[in-house]
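Student: Show me the folded form of this:
(2 chains)
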There are 2 protein chains.
Amino acid sequence: MRVVVPFAAETPKTRLESVLSPAERAAFARAMLADVLRAIVEVGHEPTVVSTAPLELAALDLSDEVTTAATVTVDDRPLTDAVNAQLPWAGGDKADFTDAAAVAVIMADLALATPDALERLLTADADIAIAPGRAGGTNALVVRDPAFTVDYHGASYLDHCEIGREVGASLETVDSFRLGTDIDEPDDLVEVLVHGRKHDRAAAYLRELGFELDERDGRVGVVRDEASVAETR
Amino acid sequence: MRVVVPFAAETPKTRLESVLSPAERAAFARAMLADVLRAIVEVGHEPTVVSTAPLELAALDLSDEVTTAATVTVDDRPLTDAVNAQLPWAGGDKADFTDAAAVAVIMADLALATPDALERLLTADADIAIAPGRAGGTNALVVRDPAFTVDYHGASYLDHCEIGREVGASLETVDSFRLGTDIDEPDDLVEVLVHGRKHDRAAAYLRELGFELDERDGRVGVVRDEASVAETR
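Tutor: Down below sits the predicted model:
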């Protein structure tokens, strides 16, 4: 199975602009990417980063194992087109399809992804296995049907289920909080701090920037130490 | 195993006040409770609703099977106290503990809960199994250790992990998007509409009120048909 990780290398994570500078957003996006790549390699796969611009994996400070396993290919088209281009057998005959031709597409901002969660997705039996995100998004999917194509616009989870039904593919929804949590908005940073594991780079980077959990009126959010803001901006 | 469902019968779901009237919030909370009770009965358990005020299960229009299996007990104390009172062996000797004494605590607003998701939680092997919600909440847990007590204030998932470690309990985090999605705020209604199944009462009630998915600027939310608002308010 090929495992593809789309990555917006330029101006990533704009919805975090109220809490992170452009340079911090870029570094945070790369830390999340590094965590996702490590989890993929830990379940025995060799990820291909499909980046909107050239990307030096060496600059991500990955382990030797991950550096060896991962590759980068550049495709500056919108997400849907870039991913569909990674489904090389599209339109082919299902009878000719081999499991080696299966493609998994895993978003680069799934900072909570663990090998266990990915394993559940990657070993699902269905022709199309989807881990939905909030608001009807498609955070990760596995495609084992040559007639299936992606469309990431809008409520893509529902659209992908519909496309799957149209081409006669079997469908499985993978029920994972970790894969269902993409990190887009300031509130999402709470999840990184709560569920980040010891060697997770994204959580470590947020702590380095001065972010910590904050309880107010019984609700949990994040707060940033202002001294850290002054130092790093 | 006993399965407890805490329910705030009075003024429920106040954080939905911008989109639902008090009467609608009460009806929606009861629809979600009905869905949760049915899912629990479908995995073979007999839920006890721990309600802050008297509650007529008959008024929930449950199936005969669910009506027979479910009971209500009233406890008007805060959530933490009411749940701890349901752990009757608290402080007892772990050696005397039988699996029949295990208690599951499942929140009444887990509108996406399915039998499959609950089964994964209820069959977890650990002394303490937790399905976390967003922002460090504890949406559902199973307690198999007599020394464990709950504390739902703040980031309760982290607190419950800490309490478990203090009493020497083994811990398992159950990775479920469905159990991780509690319905508290207007944005959460999207999840009910996207993932609600055919006979789910909560999703049907929202549709009856005129709610539907709405895509704007590539992001998915809910919108309510104003004619329905006028009719039902």
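Student: Contact partners for the spatially most central residue of chain A?
Tutor: Averaging the C-alpha coordinates of chain A gives a centre point, and the residue nearest to it by CA atoms, centre = their mean is A:Met107 (2.1 Å). Taking CB atoms under 8 Å, 6 or more residues apart in numbering or on different chains as the contact definition, A:Met107 lies against A:Val5, A:Pro6, A:Val36, A:Gly133, A:Asn139, A:Ala140, A:Asp182. Where C-beta positions appear, they are placed from N, C-alpha and C, glycine not excepted.
Student: Farthest-apart pair in the residues you listed, please.
Tutor: Pairwise distances across the contacts of A:Met107 peak at 15.1 Å for A:Val5 and A:Gly133 (criterion: CB to CB).
Student: Span of stretch A:12-25 from start to end?
Tutor: 6 Å (CA to CA, to the nearest Å).
Student: Check stretch A:179-194 too.
Tutor: Taking CA to CA, the span from the opening residue of stretch A:179-194 to its closing residue is 15 Å.
Student: Give the buried residues for that stretch.
Tutor: Residues of stretch A:179-194 classed as buried under the neighbour-count rule (16 or more other CB atoms under 10 Å in any protein chain shown) are A:179-184, A:186, A:188-194.
Student: quick one on the thing from earlier: let's have the contacts of A:Met107 in JSON lines, adding pLDDT, distance to chain B and secondary structure.
Tutor: Output for those, formatted as JSON lines (pLDDT from 0 to 100; distance: CB to the nearest CB, whole Å; DSSP: H, G, I helix; E, B strand; the rest coil):
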{"residue": "A:Val5", "pLDDT": "98", "distance to chain B": "20", "secondary structure": "strand"}
{"residue": "A:Pro6", "pLDDT": "98", "distance to chain B": "16", "secondary structure": "strand"}
{"residue": "A:Val36", "pLDDT": "98", "distance to chain B": "16", "secondary structure": "helix"}
{"residue": "A:Gly133", "pLDDT": "97", "distance to chain B": "8", "secondary structure": "coil"}
{"residue": "A:Asn139", "pLDDT": "98", "distance to chain B": "9", "secondary structure": "strand"}
{"residue": "A:Ala140", "pLDDT": "98", "distance to chain B": "11", "secondary structure": "strand"}
{"residue": "A:Asp182", "pLDDT": "97", "distance to chain B": "12", "secondary structure": "coil"}
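Student: Let me see the ranges of the strands in chain A.
Tutor: Counting by DSSP state E, chain A forms strands over residues A:2-7, A:47-51, A:71-74, A:103-106, A:128-132, A:138-143, A:171-173, A:211-216, A:219-224, given from the N-terminal end onward.
Student: who does the fifth one pair up with?
Tutor: Looking back up the chat, that one is strand A:128-132. As defined by DSSP bridges, the strand partners of strand A:128-132 come to strand A:138-143 (antiparallel), strand A:171-173 (parallel).
Student: The longest one versus strand A:2-7: what angle between them?
Tutor: Okay, so that is strand A:138-143. Between strand A:138-143 and strand A:2-7, the angle formed by their directions is 160 degrees, by axes from the mean of the first three to the mean of the last three CA atoms, to 10 degrees.
Student: Figure out which of the strands of chain A is closest to B:Glu172.
Tutor: If you check each of the strands of chain A against B:Glu172 by CB to CB, strand A:128-132 wins as the nearest, at 19.9 Å.
Student: Can you mark which positions in the closest one are buried?
Tutor: Going by neighbour count (16+ other CB under 10 Å), the buried part of strand A:128-132 is A:Ile128, A:Ala129, A:Ile130, A:Ala131, A:Pro132.
Student: how about the residues you listed in TSV, adding distance to A:Ala26 and pLDDT?
Tutor: Formatted as TSV, the entries for the buried residues of strand A:128-132 read as follows, by distance: CB to CB, whole Å; pLDDT from 0 to 100:
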residue	distance to A:Ala26	pLDDT
A:Ile128	33	96
A:Ala129	31	98
A:Ile130	29	98
A:Ala131	26	98
A:Pro132	27	98
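Student: ok, so of these, who is nearest chain B?
Tutor: A:Pro132 (6.7 Å; CB to the nearest CB).
Student: give me the beta-bridge partners of the closest one?
Tutor: Applying DSSP bridges to A:Pro132 gives these bridge partners: A:Thr138.
Student: and chain A, which residues reach chain B?
Tutor: Counting by CB under 8 Å from any CB of the partner chain, the residues of chain A lying close to chain B are A:114, A:116-117, A:120, A:131-132, A:134-137, A:153-155, A:157-158, A:175-180, A:187, A:190-191, A:194-195, A:213, A:215, A:218-221.
Student: Inside helices: which ones of those?
Tutor: With helices identified by DSSP state H, the entries of the residues of chain A next to chain B that belong to them are A:Asp116, A:Ala117, A:Arg120, A:Tyr157, A:Leu158, A:Val190, A:Glu191, A:Val194, A:His195.
Student: taking those as a set, which two sit the farthest apart in space?
Tutor: Pairwise distances across these peak at 28.3 Å for A:Leu158 and A:Val194 (criterion: CB to CB).
Student: Surely A:Tyr157 touches A:Ile130?
Tutor: Yes. In this structure, A:Tyr157 is within contact of A:Ile130 by CB atoms under 8 Å, at 6.2 Å.
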